[in-house]
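Colleague: Kindly generate the corresponding structure for this input.
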Amino acid sequence: AYKLVEQPGGGKLGVFVAKSIRVEPNASIKMGGESAIALVALDTFDIRGNIDASVATHQASPGGFSGSLDDSSAPANGRGPGAGRAGTTTSGAGGGGFCGIGGAGGTNDGSPGAVGGKPSGNAELVPLMGGSSGGSGTMDSGSGGGAIQLVAGKKLVVATSGSIGANGGGGWSSGVVNTQPGAGGGSGGAILIESKIVEMAGTLSANGGAGGGNTSNYVAKHGQDGKTGDAPATCEYTSESSAGGTGAAGATTNGGEGIAVAQYPGTGGGGSAGRIRINADTADVSGVLSPQMGPCAVQGTLKK
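Modeller: Numbering: from 1, shown residues only. The predicted structure follows:
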């Protein structure tokens with residue numbers, strides 16, 4: 001069954017309900033659309049493949065905020081409560097914030113960079129919302145990662161081969177002159193898991209996307225989208241260019257600041273970490289969480 005429901009104060013949630021759900025080791029479920037998504041198994045939920053609510057660059061993510069489309073080459077602020085600020089003639093745009101702070105844009109004159117987005121949302125993930133986008137520069141900014149809730153009536157298992165992602169998108173590169181800034185990366189999104197028994201031996205990742213670098217010799221240096229696992233998204237750096245800030249991952253909750261030098265355009269800041277929450281009566285968490293267990297990844301109990 002499927003139903004689209006309103007979350008008080010938090011937009012819409014698409015709810016899919018089945019008796020049991022199993023994702024095979026070589027299978028992948030890609031989430032799309034604009035609304036946050038809940039997959040509910042009345043009995044058991046067995047994840048051995050991939051469930052993905054991540055986003056690529058400026059595309060829409062389920063429950064997240066899309067990056068700014070900069071067709072006019074006029075920098076714009078990002079979208080969402082943790083939106084990064086727009087780039088300027090001297091600074092790349094700021095990265096999106098969610099659990100942490102988005103990275104500031106890199107400047108080419110030593111002035112303060114465009115600020116990254118502030119933290120937003122709450123550790124309970126109620127209402128369920130995804131991440132915010134970075135500010136745009138000369139081209140499009142990275143979108144915030146999506147929001148997904150996985151529920152099982154009896155038991156939910158994420159096997160060692162299983163992964164769940166809600167990663168942010170990377171910011172695009174700058175122009176070819178030093179007044180054309182790079183775009184900020186989007187923050188990670190939200191993953192909420194609830195069951196009486198949870199066995200988590202796989203990988204959960206809600207990482208930020210990297211900020212955009214500059215275009216050196218007309219070769220674009222876009223920021224990477226947030227990765228599955230605990231490795232940060234990066235933006236290429238060479239002796240002929242400047243790099244965007246890294247996306248938050250692992251133990252890092254804030255997006256990295258852009259790196260810029262005087263003769264090149266400002267670069268975008270990286271997106272912050274998203275949020276992960278596991279609610280269970282009994283939980284065995286032995287897998288990889290990124291962000292790692294702490295302020296951005298928490299365990300709670302089920303409401304009686």
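Colleague: Could I get the contacting residues of Gly209?
Modeller: Gly209 makes contacts with 55, 57, 95, 134, 142-143, 167-171, 185-186, 223-226, 233, 247, 270-271, as judged by C-beta atoms under 8 Å, 6 or more residues apart in numbering. The C-beta positions use only the backbone N, C-alpha and C, and glycine is treated the same way.
Colleague: how about a cut-off of 7 Å?
Modeller: Counting by C-beta atoms under 7 Å, 6 or more residues apart in numbering, Gly209 touches 142, 168-171, 185-186, 223-226, 233, 247, 271.
Colleague: Gly184 too?
Modeller: Gly184 makes contact with 78, 84, 93-96, 102, 105, 116, 134-135, 141-142, 171, 211, 268-269, according to C-beta under 7 Å, 6+ apart.
Colleague: Go again with 6 Å.
Modeller: For Gly184, the contact set (C-beta atoms under 6 Å, 6 or more residues apart in numbering) comprises Gly84, Ala93, Gly94, Gly95, Gly134, Gly135, Ser141, Gly171, Gly211, Gly268, Gly269.
Colleague: ok so, going back, which among the contacts of Gly209 end up buried?
Modeller: Neighbour counting by 16 or more other C-beta atoms under 10 Å classes 142, 168-171, 185-186, 223-226, 233, 247, 271 among the contacts of Gly209 as buried.
Colleague: and of these, the nearest to Gly11?
Modeller: Nearest to Gly11 out of these is Gly186 (C-beta to C-beta; 17.1 Å).
Colleague: That closest one and Gly211: what is the separation?
Modeller: Per C-beta to C-beta, to the nearest Å, Gly186 is found 10 Å from Gly211.
Colleague: got it, and Gly189?
Modeller: Counting by C-beta to C-beta, the gap from Gly189 to Gly211 is 18 Å.
Colleague: Of those two, give the one with the bigger neighbour count.
Modeller: Per other C-beta atoms under 10 Å, whichever of Gly189 and Gly211 has more neighbours is Gly211, with 55 against 38.
Colleague: Might one say that the more buried one is in contact with Gly270?
Modeller: Yes - between Gly211 and Gly270 there is a contact under C-beta atoms under 6 Å: 5.1 Å.
Colleague: what's the overlap in contacts for the two?
Modeller: Gly95, Gly185, Gly245.
Colleague: out of the residues you listed, who's nearest Arg48?
Modeller: Among the shared contacts of Gly211 and Gly270, Gly185 lies closest to Arg48 (C-beta to C-beta), at 30.2 Å.
Colleague: Just the pLDDT for the closest one.
Modeller: Note on Gly185: pLDDT of 97.
Colleague: try the one 4 residues further on
Modeller: Per-residue confidence at Gly189 stands at 98 (pLDDT).
Colleague: All the strands of this protein, in order from the start?
Modeller: 2-7, 11-18, 21-23, 28-30, 36-41, 44-47, 50-52, 147-158, 163-165, 190-200, 203-205, 275-285, 288-290, 297-300 (DSSP state E).
Colleague: Just put these in CSV and tack on mean neighbour count and distance to Thr253.
Modeller: Listed next are those as CSV, based on neighbours: other C-beta atoms under 10 Å; distance: least, C-beta to C-beta, whole Å:
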stretch, mean neighbour count, distance to Thr253
strand 2-7, 10, 25
strand 11-18, 16, 24
strand 21-23, 19, 29
strand 28-30, 13, 26
strand 36-41, 22, 22
strand 44-47, 22, 25
strand 50-52, 22, 22
strand 147-158, 22, 18
strand 163-165, 26, 18
strand 190-200, 22, 14
strand 203-205, 25, 14
strand 275-285, 20, 10
strand 288-290, 23, 11
strand 297-300, 17, 10
